[in-house]
Structure formats: C-alpha cells, structure tokens
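**Q** give the three-dimensional model of this entry:
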Amino acid sequence: MNINKVMGFKNVIIGMMFPVLLNAQTDTIAIQNQEFQTFDSYKDVGYNQTLRPQFHFSSKKNWINDPNGMVYYDGEYHLYFQHNPTGIKWGNMTWGHAVSTDMIHWKQLPHAILPYGKSTIFSGSAVVDTKNVLGKQKGKNKTIAAIYTAWGNGQAGAYSTDKGRTFQLLNNGKTIVPPTGINKGERDPYIFWHEASKKWILVLWIKRAAKEGSDEDKMGKVRIYTSDNLTDWSMASDFDREWVFECMNLIELPVDGNKKHKKWVVFDAGFHYEIGDFDGKTLTTDKKTLQGDFGKGFYAAQTFNNSPDGRRVLIGWMTNSNGADEKEGMPFSGQFSFPSKLDLRTTKEGLKLYRWPIKEIENLYTKSYQFKNISLGKAVEKLDNLKAELMDVSIEFEPKDSLKLSVRGLDINYNLNSESFEYGNFKIHAPMIDGKVKLRVLVDRSSLELFANDGASVATFFAIPKADNLSVSVNGGLETKIHSLVIHELKSVWK
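**A** Numbering: from 1, shown residues only. The predicted structure follows:
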C-alpha cells in the first residue's frame, strides 16, 4: 500500500443501528463507518467513457489501487481492492469488492470492509477457512477470513459467512498480530495455508529501524508468522533483503510444469522476486534478485488463494496514469492488469518467472486475422485495411534489422543490437531464440501490456492509444521475415 498520507476518522456511534465493536487501542465504542458505504451511488454509472478499460477491471467510479484479498470460493473469484468510496483521489481506504466466474467478466458489489474507529482499511489478503478454525461458520458456507492493515492499529481481521459479501470484524477489531516495535510502517499481511506443516502462514513487510542519513526507512525485511487458528500468530523467522518494499507475497509453483518439483517465489509490490525453498518457518533463496515487470504501470500484484485448477493467476494495479482519468473527466481512477498465469521455467540463466494472459481471453475474440511466413512488405499490404479498437496481437519474426510494430499509434521497436523491445524509454529484454523473437501485445482504451518470448519478459503501461487510429502496422528492414502475425479483435466485457 503506497501512501503519502494517512487520514484519520472519528468514531461514530449510532446506538443500536449497527453492530458495535471495541476499538483496538481504546475502550471507546467503534463501528464500521456506514458513511463510506456509498455503493448505491454507483448504480447509474456505465462503462462507456472514453478512457474506460473494456477488458480490464476498473471500479464503476472513484479511486482504486492495490488488489486485496484475492480468493476463490464456490464458483466465484473474489477481487477486493483498495478503494476511496467518496472520490477519485487516494483516501478513506476501504475494501471495494467484485466477483467473477472467469476472472474477466466482473460484477462490482457493495464495499466489503469499511473504516472503523480511527483505522482505515489498508492492503491485506483472504483465505477460505475450510476447517472452521475461527468457529464462525454458519450452515454449509465456509467462512472467508481476511487479514489486513488497520492503519493506526496494526494488523487486524474480519470474516464473512455469506460468501464474501459482508464482513464482521474479528476479535472486536483489535490487533491480532502484535506490533514488532521496529517501525510503525509495517503493513500488507499476506496469508495462506501451508499443507506440509499444517499451519497458517502470514507474511508481513516491516521497515527496518531507520538510521540517520540512510535510506533504510524506505526498505525493510519480511517477517514470517505461523498460526493454528488465524487469530494467534507466532513469529517464525525474518527474511531480510534490501529490495523488499511492501505488499509481500510468498507462493509455491511447479518447475517446468512438474508438480512433484516445486519452488517458492517471494515478491514485493514492485515485483522484484527471489526463488527458493520454504519449510513452513524459514525461507531460503540463492539471493539472486530478479525483476517481474519492466514497465511503469505494474504494482502491488497478488494471486488468487484457493484456485480451483491449481493455476497461479496474478493481477496487479496499473499505476502512473498521471491523473489522466481526472483530467479527462472520468468518474473513476485506476485499473487492474489483465489476469495472467505464473509459471517457473528453467532457462540458461537459471529459474525464471514466466507470465502469460489467461486462456479465458479467447472468449472475447470476435474477428481474427492470421498470416504465416510472409515478408515485411506483404505484411504491410495485408494490414492496410484492418481496423480495431481492442486487440490481442502476436508476432513472431526473424530480425535482420530493427523492426517497429505500431498498434493504434503506440510504437514498439525491436532493437537488434540490444536484442530488446523498446517502448518510450523502457526496454524489454528479448534475445533471439533459434534466430526468432516473439511478442504479444494487449491494447485496451488506456493500457498496453507486452509479453516477450512467451512471457519471459513482461512490461505493463498506462497508455492511451490515438483515438483516430485503429490500425496495426509493421515497418523495418526488408530482409526481416515474419513467421507469424496474428491479430484478434476483442469485445468489451461490459454490457
């Protein structure tokens, strides 16, 4: 949760109209502040604005940032998120909520967890309490448990017994993870079930104690906790790295698709990551830090807990709109990346994360164009009359010189000398493999996502295509051979 300021809220007491809860720090009565349940005002907002993403999630209105509490239960993917329910700028942090059956078509629901007492609801995660360790289950519906940073109070929790629609505060809203005392900045708990140790695991980013004149207050360490019941947490170990900064994740992935050979990946909000082993208490790695996204628009990503098919699907916050939404008079601010599957693969440089758009995108295809083994000149000719707004474009080529792929006026250049794609000032490494290079491009009304060499390198950008340009073009050296060029037009996910 990247913030510049924290807003406090006064306690609100409304007699017996709402459930009363004890504030974590005092004996005053506090409740989830219903002033921030503003969802009724969202009903008449549509999805047809100029910059409204058409196949990426955005809130009907107001500000969003970090995805939170991503979890699957009973046929639904739950996407909670940092949300300002009263405006299009950051503030009043609340958990917004949307559900989907396919991770593409989302239905936004009333805000799930509201500020209470002096706490606003910062980033966190959620799990399904399959064994009812909280003892809150009602009927056949399993409890969904969330743990988040209650800013000003520490790490707190809430639970839902109605399939994630509404939440009650756990432990009367009090802190359930004791403050470390190292720094007040600790935040963004990530929780999951560790089958081998039969324990719940909580991963928390905590700042180091700052030294005068140093930058250590900007970085920190990861503290790992264990629990039997989701409420009593014991410190297990620390994972100390200079690169780590908020919104930590710790996930297990098969290596090269082998489910009997798995490794753990730890990553932070900036999608720096390391690969190693985790025994339920201690995380060990080779200390080789890698980068998971090379663009300027990807932050605080999270994967779904309890995924029904074993996939690890990642969604991140697309940052760096530079206030474009507000300038253009949009009712919303912020969007999320297209869901993508994570894999660990063996490369010449060692193990690496690969990322690829989920296969469900194929359900959005309307028209498709496919060209095989053509010259650059022939490609220019065939693309001359193609017009589309939303696109999924894939190209595989044999570069003999530089190449420029332009999608709706957004120029992506391949630099043969550096063996990388360039968009603006950003480079996405894409060395030739058997003399060929691959690139996949997703273009929406205000975003550009690049997947090089089957997802070995990925770059995410907030980008606005030229409104009057619906074309795809390819330019470069005449000796460049295009092995495959595939263009899919996409339909909107919104009715």
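**Q** in the helix or strand harbouring H488, what counts as buried?
**A** Secondary structure assignment for H488, by DSSP states H and E: strand 481-490. Across strand 481-490, burial judged by 16 or more other Cβ atoms under 10 Å covers 481-483, 485, 487-490. Bear in mind the C-beta positions are built from the backbone N, C-alpha and C, glycine included.
**Q** and E479, how far from N413?
**A** 17 Å (Cβ to Cβ, to the nearest Å).
**Q** who's more crowded, those two?
**A** Set E479 next to N413 and count neighbours by other Cβ atoms under 10 Å: N413 wins out with 17 against 11.
**Q** now that one, what's its secondary structure?
**A** With DSSP: H, G, I helix; E, B strand; the rest coil as the basis, N413 sits in strand.
**Q** isn't it up against P399?
**A** No: using Cβ atoms under 8 Å, N413 makes no contact with P399, being 11.0 Å away.
**Q** what does stretch 327-336 rub up against?
**A** 45, 49-53, 56-65, 67, 79, 81, 88-89, 315-318, 321, 325-326, 446-447 (Cβ atoms under 8 Å, 6 or more residues apart in numbering).
**Q** no wait, stretch 432-442
**A** Contacts of stretch 432-442 (Cβ under 8 Å, 6+ apart): 338, 357, 391-399, 405, 407, 412, 414, 419, 421, 430-431, 448-455, 483.
**Q** only whichever of these are buried, select them in ChimeraX.
**A** In ChimeraX, this line selects whichever of the contacts of stretch 432-442 come out buried by 16+ other Cβ under 10 Å:
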select :338,357,391,392,393,395,396,397,399,405,407,412,414,421,430,448,449,450,451,452,453,455,483
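**Q** so which of the contacts of stretch 432-442 are in strands?
**A** 357, 391-398, 405, 407, 412, 414, 421, 448-452, 483 (DSSP state E).
**Q** E76: how many residues sit nearby?
**A** Counted with other Cβ under 10 Å, residues neighbouring E76 total 15.
**Q** excluding chain neighbours, give the residue nearest to the residue positioned nearest the centre of the chain in space.
**A** The structure's the chain has its C-alpha centroid closest to G316; by Cα atoms, centre = their mean the separation is 2.1 Å. In space, and not counting its chain neighbours, G316 is closest to A301: 3.3 Å by Cβ to Cβ, 6 or more residues apart in numbering.
**Q** was I right to think the one you found contacts S337?
**A** Yes: in terms of Cβ under 8 Å, A301 counts as a neighbour of S337; the distance is 7.3 Å.
**Q** which neighbours do those two share?
**A** Residues touching both A301 and S337 by Cβ under 8 Å, 6+ apart: 314-317.
**Q** just give me the closest of those residues to K184.
**A** W317 (23.4 Å; Cβ to Cβ).
**Q** need the contact list for that closest one.
**A** Per Cβ under 8 Å, 6+ apart, neighbours of W317: 64-67, 298-301, 334, 336-337.
**Q** mind redoing it with 7 Å?
**A** By Cβ atoms under 7 Å, 6 or more residues apart in numbering, the contact list for W317 reads 65-67, 299-300, 334, 336.
**Q** for the residue nearest to the centre of the chain, give me its contacts.
**A** In this structure, G316 makes contact with 67, 298-301, 336-337, judged by Cβ under 7 Å, 6+ apart.
**Q** kindly recompute the last result at 6 Å.
**A** Neighbouring residues of G316 by Cβ atoms under 6 Å, 6 or more residues apart in numbering: 298, 301, 337.
**Q** K163: which of those residues is nearest?
**A** Nearest member of these to K163, counting by Cβ to Cβ, is A301, at 24.5 Å.
**Q** quick one: pLDDT of that closest one?
**A** On the pLDDT scale, A301 is placed at 98.
**Q** these two touch, right, it and M318?
**A** No: A301 lies out of contact with M318 (Cβ atoms under 6 Å); the separation is 10.4 Å.
**Q** of the two, who's got more company?
**A** Comparing A301 with M318 by other Cβ under 10 Å, the one with more neighbours is M318, at 31 against 27.
**Q** how about the nearest residue to the more buried one, chain neighbours excluded?
**A** According to Cβ to Cβ, 6+ apart, the nearest residue to M318 is G297 (4.5 Å).
**Q** make sure the one you found is indeed in a strand.
**A** No: checked against three-state DSSP, G297 lies outside a strand; its state is coil.
**Q** how far away is it from K382?
**A** The value you get for G297 to K382, if Cβ to Cβ is used, is 31 Å.
**Q** the more surrounded of these two?
**A** A side-by-side neighbour count of G297 and K382, using other Cβ under 10 Å, places G297 first with 22 against 16.
**Q** show me the contacts for the more buried one.
**A** 318-320, 460-462.
**Q** those in helices, which ones?
**A** Using DSSP state H, no member of these sits in helices.
**Q** which of these fall in strands?
**A** Those of the contacts of G297 mapping onto strands are 318, 460-462, per DSSP E.
**Q** any chance of CSV for these, columns distance to D343 and pLDDT?
**A** Output for the ones in strands among the contacts of G297, formatted as CSV (distance: Cβ to Cβ, whole Å; pLDDT from 0 to 100):
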residue, distance to D343, pLDDT
M318, 22, 95
T460, 18, 98
F461, 23, 97
F462, 26, 96
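**Q** could you dump those into CSV with distance to Q137 added?
**A** Shown next, in CSV, are the ones in strands among the contacts of G297 (distance: Cβ to Cβ, whole Å):
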residue, distance to Q137
M318, 36
T460, 39
F461, 44
F462, 42
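**Q** of those residues, buried ones?
**A** Buried, going by 16+ other Cβ under 10 Å: 318, 460-462, out of the ones in strands among the contacts of G297.
**Q** closest one of the residues you listed to P178?
**A** The nearest member of those to P178, counting by Cβ to Cβ, is M318 at 34.8 Å.
**Q** report the beta-bridge partners for that closest one.
**A** Counting by DSSP bridges, M318 is bridged to Q335.
**Q** cool, and T94?
**A** Counting by DSSP bridges, T94 is bridged to H83.
**Q** residues touching it, list them.
**A** 36, 83, 85, 111, 114, 121.
**Q** against R52, how distant is it?
**A** From T94 across to R52, the span is 22 Å (Cβ to Cβ).
**Q** next one: N320
**A** Between N320 and R52 the computed distance is 18 Å (Cβ to Cβ).
**Q** now swap in I428 and tell me
**A** From I428 to R52 the distance is 27 Å (Cβ to Cβ).
**Q** ok, now G152?
**A** Distance, G152 to R52, by Cβ to Cβ: 34 Å.
**Q** hey, which helix is longest across this protein?
**A** As assigned by DSSP H, the longest helix anywhere in the chain is helix 376-382.
**Q** return that one as PDB; C-alpha atoms alone will do.
**A** What follows is helix 376-382, C-alpha atoms only, in PDB (Å, rounded to 0.1, in the frame of the first residue of the first chain):
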ATOM      1  CA  LEU A 376       7.600  -7.400 -44.300                       C
ATOM      2  CA  GLY A 377       6.300  -5.800 -47.400                       C
ATOM      3  CA  LYS A 378       3.500  -8.300 -47.700                       C
ATOM      4  CA  ALA A 379       2.500  -7.800 -44.100                       C
ATOM      5  CA  VAL A 380       2.200  -4.000 -44.700                       C
ATOM      6  CA  GLU A 381      -0.100  -4.800 -47.600                       C
ATOM      7  CA  LYS A 382      -2.400  -7.200 -45.700                       C
END
